[in-house]
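[1] Sequence first, then the predicted structure:
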Amino acid sequence: MYSPKPPHLLAPPQGYGQPPYTTGVSASAQTSWSSGLCDCCVDIPNCCLTCWCPCIIFGQIAEIIDKGTTSCGVHGVRYALINVLTGCGCLYSCMYRTKLRRQQGLPEAPTNDCCVHFCCGPCALCQEYRELQCRGYDMSIGWKEGMNRQMHGVQIPPAAIGGMNR
């Protein structure tokens, strides 16, 4: 006789780039990072942009982590100002690494978040960027546009057939 699974054992539906159970992840349910901290050269353009202008990459990461409550630009400007005025932008970005880990159920590896951002800030940002990409986020369009595309589907204009010929 067939017996369906009880509702509490069914996985919730997946949202935009979100795996099931993204909050309150227990230690036993943790997944590993999709790439290592020193795998920066896997994505050369991202690596270069992160080294030359980390505020852009940080802004994109923070917008996704905050689910669009604050724009990429605002996060990037905050990060740049903190870095210019105090040299401690790593403290601000460290908070977002912690948020990302908690949302996605990732381990605190290779060491605690503040040490990772203090010692290897650009590598940490590259790893977080790659992780969000791997989990289905389109970093180039941000949270709100990603939600719009998911809700309404991607609109592709009809192809023009023929055209004007002489």
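    Structure's in. What do you need?
[2] CA atoms for contacts and neighbours, from now on please.
    Noted.
[3] dump the residue contacts of Ile44.
    Applying C-alpha atoms under 8 Å, 6 or more residues apart in numbering, we find Ile44 in contact with no residue.
[4] Give me the neighbour count for Ile141.
    A count of nearby residues for Ile141, using other C-alpha atoms under 10 Å, gives 12.
[5] Name the residues of stretch 88-99 that are buried.
    For stretch 88-99, burial by neighbour count (16 or more other C-alpha atoms under 10 Å) applies to Cys88, Gly89, Cys90, Leu91, Tyr92, Ser93, Cys94, Tyr96, Arg97, Thr98.
[6] Pull the residues that contact that stretch.
    Residues contacting stretch 88-99 (C-alpha under 8 Å, 6+ apart): 58, 62, 65, 79-80, 82-83, 113-114, 116-118, 121, 128.
[7] From those residues, pick the one nearest Gln103.
    Ile65 (8.1 Å; C-alpha to C-alpha).
[8] how close does that closest one sit to Pro54?
    16 Å (C-alpha to C-alpha, to the nearest Å).
[9] Just the helices from this protein, written as ranges.
    44-52, 54-65, 72-86, 89-104, 113-134, 142-152 (DSSP state H).
[10] could those helices go into a markdown table alongside mean pLDDT?
    Listed next are the helices of the chain as a markdown table, based on pLDDT from 0 to 100:
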| stretch | mean pLDDT |
| --- | --- |
| helix 44-52 | 90 |
| helix 54-65 | 93 |
| helix 72-86 | 93 |
| helix 89-104 | 91 |
| helix 113-134 | 90 |
| helix 142-152 | 78 |
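[11] Of these, which is nearest Ser34?
    helix 113-134 (5.9 Å).
[12] Skip the chain neighbours and tell me the closest residue to Gly73.
    The shortest distance from Gly73 to any non-neighbouring residue, by C-alpha to C-alpha, 6 or more residues apart in numbering, is to Gly59 (6.1 Å).
[13] from memory that neighbour sits against Gly68, does it?
    No: assessed by C-alpha atoms under 8 Å, Gly59 is found out of contact with Gly68, at 10.8 Å.
[14] Looking at these two now, which is surrounded by more residues?
    Gly59 (24 against 17).
[15] got a list of what Cys38 touches?
    Here Cys38 is in contact with Cys123, Gln127 (C-alpha under 8 Å, 6+ apart).
[16] That one and Leu81: what is the separation?
    Taking C-alpha to C-alpha, one finds Cys38 at 26 Å from Leu81.
[17] For the residue most central in space within the chain, give its distance to Ile44.
    By C-alpha atoms, centre = their mean, the chain has its centre lying nearest to Leu132, at 3.2 Å. For Leu132, the distance to Ile44 equals 16 Å [C-alpha to C-alpha].
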